[in-house]
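>>> Here is my input, please return the structure:
(chains A and B)
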Amino acid sequence: MGRYVIRRILQALLTLGIVLFLLHYLMALSVQIRGNPALLFFGGDRTPDPAMLEQVERLYNLDNSCYERVGDPCITPFVERLQDYVQGDLGTTLNGNRDVAQLLSIYIPNTLRLFVFSVITLVAVSMVLGTWAARHRGRFIDHTVRGTTILADSIPVFLILLSYVYIVAVPLTRWARGIWGTESFMGQVFRPNYNPDYPWTTIIIPGIIVGTVGLATMTRLIRASQLENLGSDFVRTARAKGLKPMRITIVHVIRNSMIPIVTGIGFLFAFMLSGAVLTEGVMGIPGMGRMIFQAVQRQEGNLVIVGLTVSAFVVVFVSLIVDLLYAALDPRIRYE
Amino acid sequence: MRRMRMTVAAIAAAGLAAATAACAGDEGDVDGEGDGGGVINMQIGEVRSLIPGGSGESEGYRIIKNVYDGLVYYDIETGEPENLVAEEITSPDNQTWTIKIKDGLTFHNGEPVNADAFIRSWDRTAYAPNALPLNYFFGTFEGYAEMNPDPLPEDQWADPEVPEYPEVATTHLSGVTAVDDLTIEVKLTAPFIGFPTMLGYEAFYPVAEECLADLEACEATPIGNGPFMFEEPYDPQAGGTAVVWEDYAGDKPKIDAVEWHVYLEGDDCWADFLTGDIDICSPSAADYQSAMSDTELAERVIQQPDPSILMLAFPLYDEKFQDVNVRRAISMAIDREGVLNVVGPERFTPLDEWVPESILGGGTNSCGEYCTYDPEAAQELLAQAGGWPEGEPLKIWVNDAADNLDIFRAIGDSISESLGITYELVPMEWTEFLTARENHQLDGPFRSGWGPDYNLNENYLEPIYGGGASVNDQGWENEAYNAKIAEAGAAATLDEAVALYAEAEAILAEDMPSVPVFGENFNFFYTERLDNVEVHPIYAGPRGDCELRTVTITE
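Here you go, the predicted structure:
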């Protein structure tokens, strides 16, 4: 087990190293092809003094001549960048000179809060619906659940978001405030936009909306794996030896059905980050998805690299956890 | 592209308390003493910096102008500069200026607002290694060159493609001296009558000594000398609250405090305005119609011209556009009214001048007949210029932000219909567009926008078309124009200067290196709890703003 974990961690480090280099190379290409982002510092309408431009380029390590040769992988700046990262210096943003580490300390918790609510929504709703459908296999309820979740999944998440923000949120907020008052939980929870004064309350609805991404997949996964277990030999044996139905469901069916579900959640995590880009954008949540999206638009190379590395790290980390959970869930799986 | 406003970037400088929910207080802990009282909720974008000289975009300036007092403030009616911190600004020759400061003024922390307070701020901004966005404002000061040196000779560069610069040893603008504690003498490199007009801008605000000692803390909790002050740090992502400064010497605001709520790029305050969480907001084009058809809302709207303008500029370095008649033909081919009906009639007004009416010296209608839609005359002019190359499309270059593409497609359609030539819209990403425009790589008309730094027609002329053909985006140069600009700078009075700048505008109009298309409009809605809502004609945030020094809260 220990050796397995160490091996996986080393693999993860290698993956992250490759990701870092690829990102660095792509950003260098972007500077080489799209033009110098240092110009953004001056806003655009004004032609900056060459001396000033030079200062700004130096300030952001964009003064290396490799940025003028298309295709040059810019190895020297890459090594410098790695050295800075190792020393804990994640650099600063091009515009406004803000410390990237500090930005991350603002953005990461917001996205994590969003994920907490969306994972809870996803797991709770799909567990209930999946189990329900499995119990009533082939009957009306089964078809209804499957049909509804497919329908919910086929509506793009941005449509749900936009209709919520522009149609539902304003009347709902006004109505709730009329009854419970502005400062109450109810007066805040339906707000159309995230508000940093209420970091938990105003992130619940966006979290729930992100949670609907992948609902159909999860429900069907749960239904299928429960059906498989319900018809298996060990459940029949358990019934035969007179175990209570509750115990059979929890210990034998649900636990054994967890493996595909855990896999699914790990897989959906990466999906949810793309949902987060939209949700954070529409509802004004300063989070990672939105930060990466804007950093790409703004040519904030350093921010793009750090942001995507963090998300790559999360994906690698989550898949490691998923693999380890397999062993915990299925006694037959052992890692040597 | 409104300069910094559209710049997507505006993340404010330096470090702040990292706490995610670090919101600066709520209504409960505000203790100001205005007449009517109350806290106003304002939307704001990301600010770049809260120390004068570091912002240079509309959002940062909206806070800075309320937390700091400059030497002058622009009158809301006329837009003309009126002394605020300054007692008197005089000059015998428009080149050496003497600024007397009012006695007894202090910063929020008690430090005196004296000559040194201004000089230390200006030195900081003018010093090249600080790389501050408003550095260029000091380009006309004596001593600027020493703080912003030219590159070393080419043979001394380590890499022949990367210019290198000498170390900057000078940290003080030699043209600025403190005659006594309350008098500053400024020497410019050339006469400039508009100098006092510039002084109301953020670049020229004072900075406290304590601020420079700890810039990071000062970014978060600025030490100003204006009517509002921060008791708790401002967070560029979460906003903050500024309360009225008890000891403010001037007219105290009528409200207790202002709470700024941050809307990052792409976010919209409109939904929050409808729930009453934001007091002033400008709807997007999509929400505009429904807002105006709501009779109750339509009573609470402020509509006035925004001094930002939109132009179609020509690459004069391309031979196709060297004949002025081609440029005139394209201008006359644009049905400005018709385009407005496509993109939203109240959002813009047709423009037939290079300096809009709300700016001092603007409103000259200098473009005249050439900015009037007349397809027959346009065709005639084009024929006189030898016609348009057969089979070649007219390429229109735009950056694809906001609804630029819709607007320029409508403009392109109009040109195409009037002149009978095909056109092609080439969208570019912002930095790519900037680089291409600056390096003179475009082969067709391109989008050009401008918003003012200060209230003088010169600001619409010199920064855009000055500097010579190799420097400005259009590649335009005219001896008579340069001479007129210089003459205006040396004029004896501001009135004379304004008239001379207007003459320079007329020279520009003869050559038409760009075509004025639209002036923009503000459409700001406010909640019923506000009264005496005034929007400054020169400086207002594009997504909703008002004068915090005068607004009152009725509830």
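>>> residues near the nearest residue to residue A:120 once chain neighbours are set aside, how many?
Nearest non-adjacent residue to residue A:120, counting by CB to CB, 6 or more residues apart in numbering or on different chains: residue A:211, 7.3 Å away. Using the backbone N, CA and C atoms, a C-beta is placed for each residue, glycine as well. For residue A:211, the count of nearby residues is 25 (other CB atoms under 10 Å in any protein chain shown).
>>> Outline the domain layout of chain A.
What automatic domain parsing lists as the domains of chain A is A:1-95+A:301-336, A:108-297.
>>> Among those domains, show me which one is buried the most.
domain A:108-297 (a mean of 18; mean count of other CB atoms under 10 Å in any protein chain shown).
>>> First-to-last residue distance for that domain?
20 Å (CA to CA, to the nearest Å).
>>> starting at the chain centroid, how far to that domain?
13 Å (CA atoms, centre = their mean, to the nearest Å).
>>> Which helix in the chain has the most residues?
Since no chain was named, I'll use chain A. helix A:100-135 (DSSP state H).
>>> please go with chain B instead
Max-length helix for chain B by DSSP H is helix B:494-511.
>>> quick one: contacts of that helix?
For helix B:494-511, contacts defined as CB atoms under 8 Å, 6 or more residues apart in numbering or on different chains pick out B:193-194, B:196-197, B:324, B:353-355, B:360-361, B:364, B:366-368, B:370, B:456-458, B:460-461, B:465, B:476, B:478, B:480-481, B:484-485, B:487-489, B:491.
>>> how about low-confidence regions in the chain?
If you meant another chain, say so; for now it's chain A. Along chain A, segments meeting pLDDT under 70 span A:40-48, A:95-96, A:336.
>>> nope, chain B please
Using pLDDT under 70, chain B drops low at B:1-36, B:151, B:154, B:157-165, B:265-266, B:285-286, B:401-402.
>>> switch to 50 and redo it
Applying pLDDT under 50 to chain B picks out residues B:1-35.
>>> Out of the contacts of helix B:494-511, which end up buried?
The neighbour count (16 or more other CB atoms under 10 Å in any protein chain shown) marks B:193-194, B:196-197, B:324, B:353-355, B:360-361, B:364, B:366-367, B:370, B:456-458, B:460-461, B:465, B:476, B:478, B:481, B:484-485, B:487-489, B:491 as buried among these.
>>> returning to that earlier point: after the longest helix of chain B, next one along is what?
strand B:514-526 (DSSP states H and E).
>>> Just the CA trace of that following strand, in PDB.
The C-alpha trace of strand B:514-526 is given here as PDB (Å, rounded to 0.1, in the frame of the first residue of the first chain):
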ATOM      1  CA  SER B 514     -10.100  59.200 -38.800                       C
ATOM      2  CA  VAL B 515     -13.900  59.500 -39.100                       C
ATOM      3  CA  PRO B 516     -16.000  60.400 -36.000                       C
ATOM      4  CA  VAL B 517     -18.900  58.000 -35.800                       C
ATOM      5  CA  PHE B 518     -20.700  58.100 -32.500                       C
ATOM      6  CA  GLY B 519     -20.600  59.800 -29.200                       C
ATOM      7  CA  GLU B 520     -21.700  57.500 -26.300                       C
ATOM      8  CA  ASN B 521     -24.500  58.200 -23.900                       C
ATOM      9  CA  PHE B 522     -24.900  57.400 -20.200                       C
ATOM     10  CA  ASN B 523     -28.100  55.600 -19.300                       C
ATOM     11  CA  PHE B 524     -28.000  55.400 -15.500                       C
ATOM     12  CA  PHE B 525     -31.000  54.200 -13.400                       C
ATOM     13  CA  TYR B 526     -31.100  54.900  -9.700                       C
END
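>>> In the stretch 401-550 of chain B, which residue sits nearest chain A?
In the stretch 401-550 of chain B, no residue comes nearer to chain A than residue B:435, which is 3.2 Å away by CB to the nearest CB.
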